[in-house]
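# Sequence plus the predicted model coming up.
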Amino acid sequence: MRSLTLEIQDNKRNNAATNIDKLIKLETPQHNLQNEQSIIYEYLLDIVKKSHPEEVLQEFSNLFIYYVGSRYSTALQALYQIILRNDELEFKNTLKRACYILINNWYATRQYQAIHQLIRIFSEYNINRSADSPILECLQKWIVNFINSKDYQELHLFIAKYNTKGHWTNRFTSYLLVPQYVDGNNPLEQREAAKIVSQQLKEQFKFELAMYTARSQSTVASNRRIKNPTGLGDEVLPLVKAIVLRRGVFSYTNLAHIFVKQNQNITYKDFKKNLIKYLIFDVGNESFANVLSHNLAGQLERIYENYDEENLDDSLILRTCKRVIEYLITKNKKEPSELLILLLTQGQALNLVVVLVKLVLICKNVRSHLEACLAAAIQYYEKYPEEQCQWLIKFLEILNVTLAIYTEDVEYNLVQMPNVNAEGNNSGLNLDGYRIFSQFKEDRKPENDRDW
């Protein structure tokens with residue numbers, strides 16, 4: 001039955017293509033590309049707001065996949081004109097933006113399953129369909145190229161987080177989406193969708209981490225399965241406790257405030273020297289501090305030398321923090337830096353995380369750049385199996401936890417339990433004698449994504 005349906009659809013498509021070939025003469029004056037694209041976009045915006053997702057998906061398939069007459073034939077004619085230009089890049093841009101128009105609207109109305117079905121249209125595409133028209137042959141070729149492109153992989157990120165049996169990189173989708181919304185060349189709809197989904201994933205992680213730290217310490221919940229949002233297993237509670245111990249007078253937030261205040265009205269050259277001291281201050285590992293100081297000193301000395309005697313401003317702070325992050329994380333924004341590999345393979349994940357968090361705390365606008373650089377490192381290693389990337393994965397997990405704790409909407413507190421000896425051995429406090437309490441400063445909860 002399914003094969004018969006596909007055959008009927010193919011016949012309808014081929015007949016429609018032949019009819020349109022006859023209907024629209026090649027002598028027609030050259031249409032404006034933007035007008036043709038606007039016709040398609042406005043058509044999709046209209047039906048996605050008025051129609052059921054199944055009807056929208058069928059119309060999308062009719063237009064881009066089967067190339068048959070739709071309810072709004074002007075959109076099909078506009079697509080015809082776009083294909084006639086023989087410009088595959090413009091066709092890809094049109095198809096790409098069309099997808100994100102639907103994703104944006106469905107995400108806003110929480111119709112997440114429709115997004116899965118949209119992507120399934122491409123994953124189930126039959127590349128061996130017959131094409132009796134030059135237009136169809138060209139269209140099929142471009143669709144196949146789109147499926148094999150980076151653009152399609154980016155589209156997949158919108159459902160990757162919810163594929164529990166998927167690749168290890170799915171756990172870091174919130175980072176992988178960042179390059180899409182910081183790239184000004186992407187369609188506005190794609191940038192908006194990527195930013196919204198990335199932020200929601202971060203909010204969901206913060207909520208789940210707070211719930212896990214609270215419930216996992218409860219004897220009542222000891223017999224219930226509690227979701228650990230990290231891949232750190234039993235290590236996550238001691239890590240959270242160790243991080244929270246830094247809150248208060250000597251927290252990284254307070255250190256950042258002091259640093260910013262002390263570096264007002266100074267020259268850029270002095271700021272670069274002070275920045276190194278700030279980043280290695282109280283790191284607790286002399287070897288790490290020496291390696292970082294030695295490697296950063298030469299880099300910072302050479303960047304933006306023309307501004308050395310200028311007064312420090314916010315723009316210079318942002319640009320400098322970006323360059324430091326790039327040196328710590330990526331090489332040419334594509335490959336992991338030598339320093340990243342050196343520090344992480346030597347077990348310095350937590351110390352490196354502290355340095356990155358310190359940068360974010362003195363310049364909040366640099367966080368998106370940090371996440372884009374992390375995405376580059378993740379993409380570089382995605383071809384490797386999970387067991388070979390544990391050093392990178394652990395670093396990313398620790399960073400996730402640390403950034404979640406140092407946010408404004410969740411407050412973590414560490415309280416010593418009565419009648420429990422919190423004195424440890426020579427290595428420090430006995431963290432088992434403390435319990436974590438978390439509280440949302442705003443009475444809100446991230447959206448439930450169980451339908452994804």
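Cool, the structure landed.

# State whether residue 411 is indeed within a strand.
Yes: the assignment for residue 411 by DSSP: H, G, I helix; E, B strand; the rest coil puts it in a strand.

# neighbours of residue 254, just the number please.
The number of residues packed near residue 254 is 14, by other Cβ atoms under 10 Å. For glycine as for every other residue, the C-beta is placed from the backbone atoms N, C-alpha and C.

# what does residue 398 give?
Number of residues near residue 398 (other Cβ under 10 Å) recorded here: 21.

# Leaving out chain neighbours, which residue sits closest to residue 340?
Counting by Cβ to Cβ, 6 or more residues apart in numbering, the nearest residue to residue 340 once its immediate chain neighbours are dropped is residue 329, at 5.6 Å.

# what does residue 355 give?
Nearest residue to residue 355 in three dimensions, chain neighbours excluded: residue 279, at 5.1 Å (Cβ to Cβ, 6+ apart).

# any idea how far residue 73 is from the residue nearest to residue 340?
As judged by Cβ to Cβ, to the nearest Å, residue 329 and residue 73 stand 51 Å apart.

# out of these two, which sits in the more crowded spot?
residue 329 (22 against 12).

# Return the residues in contact with that one.
Neighbouring residues of residue 329 by Cβ atoms under 8 Å, 6 or more residues apart in numbering: 336, 337, 340, 370, 373, 374, 376, 377.

# and of the residues you listed, the nearest to residue 295?
Of all the contacts of residue 329, residue 295 sits closest to residue 337, with 9.6 Å by Cβ to Cβ.

# shouldn't that closest one be in contact with residue 327?
Yes: assessed by Cβ atoms under 8 Å, residue 337 is found in contact with residue 327 at 6.2 Å.

# which sections of the stretch 351-452 of the chain are below the confidence cut-off?
Residue ranges of the stretch 351-452 of the chain with pLDDT under 70: 407-409, 413-435, 437-452.

# whoops, I mixed them up, the chain
Where the chain drops to pLDDT under 70, the residues are 1-31, 69-72, 127-131, 161-165, 217-225, 246-250, 407-409, 413-435, 437-452.

# Now the helix ranked longest in it: buried residues?
The residue-count maximum for a helix in the chain (DSSP state H) belongs to helix 188-215. Buried residues in helix 188-215, counted by 16 or more other Cβ atoms under 10 Å: 189-198, 200-210, 212-214.

# gap between stretch 245-265 and the chain center?
29 Å (Cα atoms, centre = their mean, to the nearest Å).

# How many residues are close by residue 293?
14.

# Quick one: residues contacting it.
If you count contacts by Cβ under 8 Å, 6+ apart, then residue 293 has 276, 280 around it.

# Would you mind measuring from the closest residue to residue 121 other than its chain neighbours to residue 254?
Using Cβ to Cβ, 6+ apart and skipping residues adjacent in sequence, the residue nearest residue 121 is residue 61, 5.8 Å away. Distance, residue 61 to residue 254, using Cβ to Cβ: 56 Å.

# Run through the helices of the stretch 351-452 of the chain in chain order.
Counting by DSSP state H, counting those that start in this stretch, the stretch 351-452 of the chain has helices at residues 367-381, 390-405.

# Can you spell out which helices and strands pack onto the longest one?
Using 3 or more Cβ pairs under 8 Å, 6 or more residues apart in numbering; DSSP states H and E as the contact criterion, the secondary-structure elements in contact with helix 390-405 are helix 188-215, helix 236-244, helix 338-345, helix 349-362, helix 367-381.

# Can you pull up the most central residue in the protein?
Closest residue to the average C-alpha location of the chain: residue 177 at 2.5 Å, with Cα atoms, centre = their mean.

# What does it show for phi and psi?
Dihedral angles of residue 177 (phi, psi; degrees, to the nearest 10) stand at phi -80, psi -20.

# thinking it is in contact with residue 196, fair?
No: contact between residue 177 and residue 196 fails when scored by Cβ under 8 Å: they sit 9.3 Å apart.

# care to break the chain down by domain?
The record's domain parsing of the chain by automatic domain parsing lists 2-160, 231-410.

# what's the spacing between the last one and its chain's center?
Same thing as domain 231-410. Distance, centroid of domain 231-410 to centroid of chain: 19 Å (Cα atoms, centre = their mean).
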